[in-house]
Every structure is written in structure tokens, then in C-alpha cells.
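> attaching a predicted model along with its sequence, questions to come.
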Amino acid sequence: MSYKNPLNLLCICLLWLLAACSLEPASYPTPSEPTADSDRLIILCEGLWGMDNSSLALLDHGVLTSRWFQQQNPGRHLGDTGNDILQVNDTLIAISVNWSNIIQYIRPDGTAIAATENIPNNRRLATDNQGYLYVTSYADKGYVAKIDIKSKEVVDTCHVGYEPEGIAYYDGRLYIANTGGYSTQTQDHGYEQTISVVDAHTMRELKRIDTGCPNLFGTMSVSGQFACINSAGDMYNIAPRCIVLNMANDEFRVFNFPATYNCAYRNRFYMIGSAFSHLTGTYTYSMHTISLPSLEVHEGLGEYGDAEETILRMQSPYALFISPYTGHLYSSDARAYATNGYVYEFGRDGKPIGRYLLRGVNPSGFVASKEG
């Protein structure tokens, strides 16, 4: 989530004041010693727009190091509003830093390598595992940039829909979820409801898939040929939806619940839906899993069901991640969006393992790494 409008920042601060007396979730273990079967996890904290306070935390087998980027790179800041983090290969991690207009690169040990500059208002990342990185940008009416991993330079771009968000690579093509998210501010266009399909080699748009669902905003997770996309609706009269796209044939199915925070693990999509209404000023949360390739839907988080009660007690659930190495589930709580957030760790049975208070605001991105 990025805050591009000072009024938004004011609202967040008011929420923080109102939430100051909120009850914290129930007592939770907070490990102080390494846990043998846990992960080495890099956590991206977005910070707040205009505050230059994005940060990284390292959760290494249950031991938390906050402000890890600053520790590994003395005198440097990660930047303003980190939106996405992606493990490009064994030696390179990319971070889109939205309001600093850069893609920052680090090694798995946290040391900074270089940055790709001048990609304004950048959002989400994808890689083809063939030497190129792709990033969406809200600038210039919406485009995708193609970056050569070796040179860190932009080698091509392609215009897509207004304010493109999530992006996925499959079989030589890019799939980009368009939002039109600035429509309420600029008044020169409406919400988008299309997925742009782009040839990754030529960087030319092939077509747009009309989903019929507006504002395709948020995390896009991928499992094989399937992509899970959230439609946020208009937050008034059009309800949010979940879209599962089969990138092998461009067919899709729409489900009547949101997929705001979603992840993929072992042929399933897991999701926390967050539906906000301007009419009531409230959030409504839901949880679902979708099995692949059957697209069978189940309420709740399946084998992680024991984590559901804790997640629902969170003040502001903000991310969901399942480690490909341990199968542990991680969920973050942004609390009032303007103060330090929590990350919760659950075992493969959904039982609690730890709760970690970060010195970082709005924890939203995770990378599980084997070694530092």
C-alpha cells in the first residue's frame, strides 16, 4: 500500500490515535533462541509515503534483526515506500522502492549491490529466470519496464492499462493486472478491469483480458500456470472479488470473495480477504483456499486452520506467506498502519511458533532464503 496523498497520511495518523488503546492479540511465544526447523526470512516493511522509512528485517530461525538493511549498509537508507521484494536468483534480491523511483538490489546477506533508477512510482516485480526483471509503474498512464539483470539498465518498456499493479511471467508472456486506482483522484479515467498480456521478448501488448471486475489491486501469486488476482471493487457498491487466471489458455474464473493478501503453496492458493466499505467505514475479513487445478474452494486456511483465530484478532492483517522450505505460515499485522508491525509464525499444523515486533511500519513482503 502506498500513500500518495497527504490527506491519506492524515487519515492514517488519526487511525493510529484512535487505535492507541486497542487490545493486542492474546499472549504469544516470542522466541529468543534459534529454532532449528524455522526459516531464514527477509521481511520488507513499506514504511509511510514521504517518510523515507522503508526497511528490511531479518528473521533467522526465530531470531529477529530489525532495520537489517541499515545494519548491513551503514549510513544508507532503503528509501521511500518499498512495495515489493523478489528473489531473482541465488545471489540477487530486488526491491521496488516506489516513491524513491528505484529498484534496489541486495545480496542474500543484505549488502547493497546497485540500483536501477528513474522508474517512477514503481510497484510490483516479476522475473523470467532468463536474465530479465520486469516491474510495473503507475507513471506515464501505466507501463511495464524490462531490466537487464547484468547491467541493471532498463532495456525496453510497454504501455498497458492505467496504474498497473501485479505482474506474472509465464511461457514468454507477461500478465499485468490493471487497476485504474488513481481514477478517484485524477477524474480522467475509471477503474480498470483488464489484464494486459504482453510478449516479454518484444515488449508489445498482445491483448487485454476483460475480467468484468474493477480495480485489480494487490498481491498476485502464481502456482504453475495459474495466477491469483484480487479485485478490490469500488469500495461503495461493487464488491471485491477473487480471480484465478489460467495463463496457459487465458481463461479465468471469478469467485465472490476478495483475495487481498494471497500466496501459493503446494498447488493451492491461500488468501485473507479484506473488504473495505466507504459506506460503513469498516473492514470485513474472510479466509479461503482454492485447490489447483480443480479450482475447488474451501472456507478457511485448510491445514493452517488453527491460525485463523489469531489472524482474525489482528488489528490489521496485512500479508500472508508460506515458506517453500518449511511450510511455515507467516502473517503480518500492520496495526494502525503508522506504527511498528508484528509478524506471526505458525507451524505446518497452524500452531503458533512466534510473534515478532518489528521496528518497521507496514510489513508486507517476504523472501525465504536458505543462506545469508
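Happy to help now that I have it. Since this is a predicted model, take the numbers as computed values, not measurements.

> and stretch 181-193, how far out from the chain's middle?
21 Å (CA atoms, centre = their mean, to the nearest Å).

> so what touches that stretch?
Applying CB atoms under 8 Å, 6 or more residues apart in numbering, the external contacts of stretch 181-193 come out as 4-5, 138, 161-163, 165, 178-180, 210-217, 231, 234. Any C-beta I mention is one placed from the backbone N, CA and C, and that applies to glycine too.

> now restrict those residues to buried residues only.
Buried residues within the contacts of stretch 181-193, defined by neighbour count using 16 or more other CB atoms under 10 Å: 4, 138, 161-163, 165, 178-180, 211, 213-217, 231, 234.

> contacting residues around G300?
Contacts of G300 (CB under 8 Å, 6+ apart): 287-289, 308.

> for D128, see how far away it is.
Applying CB to CB, to the nearest Å, the value for G300 to D128 is 34 Å.

> got any ranges where the protein has weak pLDDT?
1-36, 371-372 (pLDDT under 70).

> give me the most central residue, it.
Centroid-nearest residue in the chain, with CA atoms, centre = their mean: T219, separated by 4.4 Å.

> I'd say it and A227 touch.
No. T219 is not in contact with A227 according to CB atoms under 8 Å; the separation is 10.7 Å.

> what touches both of the two?
Here T219 and A227 share the contacting residues G166, scored by CB under 8 Å, 6+ apart.

> now L312. Its backbone dihedrals?
Here is the backbone geometry of L312 (degrees, to the nearest 10): phi -70, psi -20.

> and it, what is it in contact with?
Contacts for L312 (CB under 8 Å, 6+ apart) come out as Y285.

> kindly report the same for G218.
Counting by CB under 8 Å, 6+ apart, G218 touches 165-166, 230, 232, 259-262.

> would you mind measuring from it to Y162?
Note on G218: its distance to Y162, by CB to CB, is 16 Å.

> residue contacts, the residue lying closest to G161 once chain neighbours are set aside?
Leaving aside its sequence neighbours, G161 sits nearest to N178 (CB to CB, 6 or more residues apart in numbering; 2.9 Å). With contact set as CB under 8 Å, 6+ apart, N178 has these partners: 142, 160-165, 192-196, 208, 216.

> hmm, try it at 6 Å
161, 164, 192, 194, 216 (CB atoms under 6 Å, 6 or more residues apart in numbering).

> for G360, state which of those residues is nearest.
Of all the contacts of N178, P164 has the smallest distance to G360: 26.3 Å, by CB to CB.

> for beta bridges, what are the partners of the closest one?
Per DSSP bridges, the residues bridged to P164 are N178.

> mind listing what it touches?
136, 142, 176, 178.

> kindly confirm my reading that I311 is in a strand.
No. Counting by DSSP: H, G, I helix; E, B strand; the rest coil, one finds I311 to be helix, located in no strand.

> show me where the protein has helices.
Counting by DSSP state H, the chain has helices at residues 6-18, 68-72, 183-186, 308-313.

> neighbours of the closest residue to C45 other than its chain neighbours, how many?
Using CB to CB, 6+ apart and skipping residues adjacent in sequence, the residue nearest C45 is G360, 3.0 Å away. As a burial measure, G360 scores 27 neighbours (other CB atoms under 10 Å).

> try G172
Neighbours of G172 using other CB under 10 Å come to 12.

> for it, give its distance to G365.
Going from G172 to G365 by CB to CB gives 26 Å.

> same question, H159
H159 sits at a distance of 26 Å from G365 (criterion: CB to CB).

> more neighbours, these two?
More crowded of H159 and G365, by other CB under 10 Å: G365, with 23 against 15.

> check contacts around the more buried one.
Counting by CB under 6 Å, 6+ apart, G365 touches 44, 84-85.

> also A177?
Counting by CB under 6 Å, 6+ apart, A177 makes contact with 165-166, 195, 216, 220, 229.

> taking those residues, tell me the two that lie furthest apart.
It's E165 and I195 that sit farthest apart of the contacts of A177, by CB to CB, at 10.5 Å.

> circling back: inside strands: which ones of the contacts of stretch 181-193?
165, 178, 210, 231 (DSSP state E).

> and the residue nearest to D250 when sequence neighbours are not counted, what are its bridge partners?
If the residues on either side of it in the chain are set aside, D250 comes closest to I209, at 5.8 Å by CB to CB, 6+ apart. With DSSP bridges applied, I209 shows beta-bridge pairing to I195.

> surely I209 meets I195?
Yes. Counting by CB atoms under 6 Å, I209 does reach I195; the two are 4.3 Å apart.

> when the two are compared, which one has more neighbours?
I195 (28 against 16).
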